[in-house]
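# Okay, predicted coordinates and the sequence, questions at the end:
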Amino acid sequence: MESKKIRHLRESSLDRFIYIAICFFLAVFCFSTVYPFWHVLMYSISNSKAAMSGGLFFRPRDFDLLAFKMIFKTSQIFVAYKNTILRTLVGTTLSMALSILTAYPLSRKRLRGRSCLSMVFFFTMLFNGGMIPTYLVVQSYGLIDSFWALVLPLAMNAYNMFILRNYFKTVPDSLEESAFIDGANSFTILWKIILPVSAPALAAVTMFYGVYNWNAYLDGVLYINSTGLEILQVYLRKLLASTGTLNSLSGIDGLSEAASLSEESMKMATIAVSILPVLVVYPFIQRFYTSGITAGAVKE
Amino acid sequence: MMHKPKIPVHDTSLLKSRLRSDIRRDYLLYVMLIPGLIYVLMFKYAPMFGVSIAFRDYSIFRGFSDAPFVGMDNFIKLFSRSAFIRALKNNILISILKLVLGFPFPIILSLMISELYHSGARRFVQTAVILPNFVSWIVINGILYVMFNLSSGAIPGILKSLGYAGEITNIMNQKETFIWVIVFSHIWKGAGMGTVVYLAAIAGIDRNLYEAASIDGAGRLRKMWHITLSSIRPTIVVLLIFRVGEMMYAGFDQIFAISNYLVVSHADIIDTFVYRLGLEQQKFSEAAAAGLFQSAIGLVLVLVTNAIAKKVDSDSGIM
């Protein structure tokens, strides 16, 4: 009896130790993922001189919005912001339309040649032409330095399309049969019956495309040269790479004010401006991500 | 016997007319597929055919159809370039480190999160760890800069305030340390996203298994090992196949954003090499050859790992 009791106690204390270790590790890891974003925000609203010594920023040092005043005096950030918003709206809409229209026919068992047609799309996940042939193809369509170069080349992602198809598959045929007998065509059925019951998958895939479009930058580097079409991420990349940020801002008013402003503060303020929309919406859209990835995990 | 040949003839005509009526019935479904098919033909399959420039001597002045066929010349030239061999080596090393260190991490993280008692705490941790996934690598580059730069960085600042007297170096500018920046920032950014699938699989495990194991005297670790981990094994296998299939892609998005000229010798991968050779030096054919080499090996890797997974466990595999 005695030994059993001791063993029980020992086990539970080991378990408790493991639990505390897990909590400690998770706390440290959460800190590492959240703190850097907080740091950027706090740095961007601190006085440049006070911020120069580095270290941790749990709150702003000498609250100062000068960096934001300065970056909003440049017109390029508005151009870049507008282009990113535009490509996110247009790109996401187009991607969703293409993916839905492709996913629905491929989800119907009665469709003749379904597996063959699915393979046409699935193969693009296994093999691709590569950066150079894709670039030359985009060039041959005359898309270089056009807004559509940001939208068309990656308009449909086969993985996202298959997430939708797998979800549409779970809608029973019987649900559309009655509408079919009533004389509704496939477009009406898709719009009135399939889409309303597929809201979770649609939300998830919309988020995938939306977040992709907001954060993508390689197409902006590869296909766009004109500053009028520059997207936010490319603008940020140029700013972060430059060591003469303030020189690049010459031509704006109040340079005497800018003299007290450090390059770091400008960089942090620009990062803050680009991630703020994401930080605000991500806790809400995160759960759609979860449902989408889970739906996509369903195998062929 | 005499009627036998007649039946198949009758059958095929019946099948044909059924096929025709099926297609007539569903013609709108085929109409719906047209935009998607045009898209993949124009932007996915056209580049696949365009990959033939890897076997030609293409230049922008001559155009595609006039480019002479040169066989494997571009590949021979490519493999005699030390920069390509270097990129290939870096590519393999970075991929292996990312796979070996990065693949198990989301699994361990999921096991840990699922051990938390409060569902609110679980949700909070999940929301916190997925945050870096929602920003671009450009933003991560800015964050790495503000963490590690010597003049105003967070970590040098902490070390200084702790009275650390030794020499502090910026790991972003050191050739030897930069590979670890690549590997760990990759693990750090992707961990939260990686846990999503595993946590969904763990949520589907029958709770009674844990209770039964507790009654039998199993401790926390044994339950994590024998119940949680073994229940999500099929999920792990499928994701492992995907990861091994992606081995040739060492992370263009990431490395293009965070590397700099000081560390290029240790951070150059096939994709960044292709970008430089093709789009900066205009050597399209050779760069396309490097890209084809990469995607061909990638395809082989997917097919081989898929076949192995199916042999081990017929339920696994992606195809």
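Yep, that arrived. Numbering: from 1, shown residues only, chains lettered A, B, ... in the order given.
# if I pick residue B:84, what's in contact with it?
B:78, B:273, B:290 (CB atoms under 8 Å, 6 or more residues apart in numbering or on different chains). (Each C-beta comes from the backbone N, C-alpha and C, glycine too.)
# chain center to stretch B:214-225: distance?
Taking CA atoms, centre = their mean, to the nearest Å, one finds stretch B:214-225 lying 35 Å from the centre of the chain it belongs to.
# Kindly report the same for stretch B:100-110.
Centroid separation between stretch B:100-110 and its chain, computed with CA atoms, centre = their mean, is 15 Å.
# Can it be said to contact chain A?
Yes: contact of stretch B:100-110 with chain A (CB under 8 Å from any CB of the partner chain) involves residue B:109.
# on that earlier part again, nearest to chain A, of the contacts of residue B:84?
residue B:290 (8.1 Å; CB to the nearest CB).
# Give the buried residues for the helix or strand harbouring that closest one.
Assessed by DSSP states H and E, residue B:290 sits inside helix B:284-312. By neighbour count on 16 or more other CB atoms under 10 Å in any protein chain shown, the buried set for helix B:284-312 is B:284-295, B:298-299, B:301-302, B:305-306, B:309.
# Helix or strand: which one has residue 36?
Defaulting to chain A. Using DSSP H and E, residue A:36 sits in helix A:2-44.
# not what I meant, chain B
Here residue B:36 is assigned to helix B:27-40, by DSSP H and E.
# Report the next helix or strand after that helix in sequence order.
Remark: after helix B:27-40, the chain's next helix or strand is helix B:46-50, criterion DSSP H and E.
# who touches the next helix or strand after that following helix?
Sequence-wise, the next helix or strand downstream of helix B:46-50 (DSSP H and E) is helix B:73-79. For helix B:73-79, contacts defined as CB under 8 Å, 6+ apart pick out B:54-55, B:57, B:84-85, B:285-286, B:288-290, B:293.
# picking up where we left off before, for the next helix-or-strand element following the helix holding residue A:36, C-alpha coordinates in PDB please.
Once the chain leaves helix A:2-44, the next helix or strand it forms, by DSSP H and E, is helix A:48-51. Provided in PDB are the C-alpha atoms of helix A:48-51 (Å, rounded to 0.1, in the frame of the first residue of the first chain):
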ATOM      1  CA  SER A  48      14.400  58.700 -32.400                       C
ATOM      2  CA  LYS A  49      17.200  59.700 -30.000                       C
ATOM      3  CA  ALA A  50      15.700  57.900 -27.000                       C
ATOM      4  CA  ALA A  51      15.100  54.800 -29.100                       C
END
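# which of the residues in the helix or strand following helix A:48-51 are buried?
The C-terminal neighbour of helix A:48-51 among helices and strands, as given by DSSP H and E, is helix A:66-71. Of the residues in helix A:66-71, A:66-68, A:70-71 count as buried by neighbour count, 16+ other CB under 10 Å.
# Let me know the next secondary structure element after helix A:66-71.
Using DSSP H and E, the first helix or strand after helix A:66-71 is helix A:76-107.
# just how off-centre is the helix holding residue A:36 within its chain?
Distance, centroid of helix A:2-44 to centroid of chain: 30 Å (CA atoms, centre = their mean).
# give me the number of residues near residue A:228?
10 (other CB atoms under 10 Å in any protein chain shown).
# Now it: closest residue in space, sequence neighbours ignored.
residue A:79 (6.5 Å; CB to CB, 6 or more residues apart in numbering or on different chains).
# Can you give me the neighbour number for the one you found?
Neighbour count for residue A:79, taken as other CB under 10 Å: 17.
# Check whether it really touches residue A:231, as I assumed.
No: using CB atoms under 8 Å, residue A:79 is not in contact with residue A:231, being 9.4 Å away.
# Which strand or helix spans the residue nearest the centre of chain A?
Nearest residue to the geometric centre of chain A (CA atoms, centre = their mean): residue A:211, 2.1 Å. Assigned by DSSP H and E, residue A:211 falls within helix A:199-215.
# hang on, the earlier thing: roughly how far apart are the residue nearest to residue A:228 and residue A:232?
Remark: distance between residue A:79 and residue A:232 (CB to CB, to the nearest Å) = 9 Å.
# Next: residue B:94.
Taking CB to CB, one finds residue B:94 at 28 Å from residue A:232.
# Which one of these two is surrounded by more residues?
Ranked by neighbour count (other CB under 10 Å), residue B:94 and residue A:232 place residue A:232 first, with 27 against 22.
# For that one, which non-adjacent residue is spatially closest?
residue A:84 (4.0 Å).
# Mind splitting the chain into its structural domains?
Using chain A. Listed by automatic domain parsing, the domain ranges of chain A are A:2-69, A:75-230.
# let's do chain B instead
Split into domains by automatic domain parsing, chain B comes to B:6-55, B:82-138+B:170-312.
# closest one to residue A:33 among these?
Closest of those to residue A:33 is domain B:82-138+B:170-312, at 5.2 Å (criterion: CB to CB).
# can you give me how far that closest one is from the chain middle?
Centre-to-centre, domain B:82-138+B:170-312 and its host chain are 7 Å apart (CA atoms, centre = their mean).
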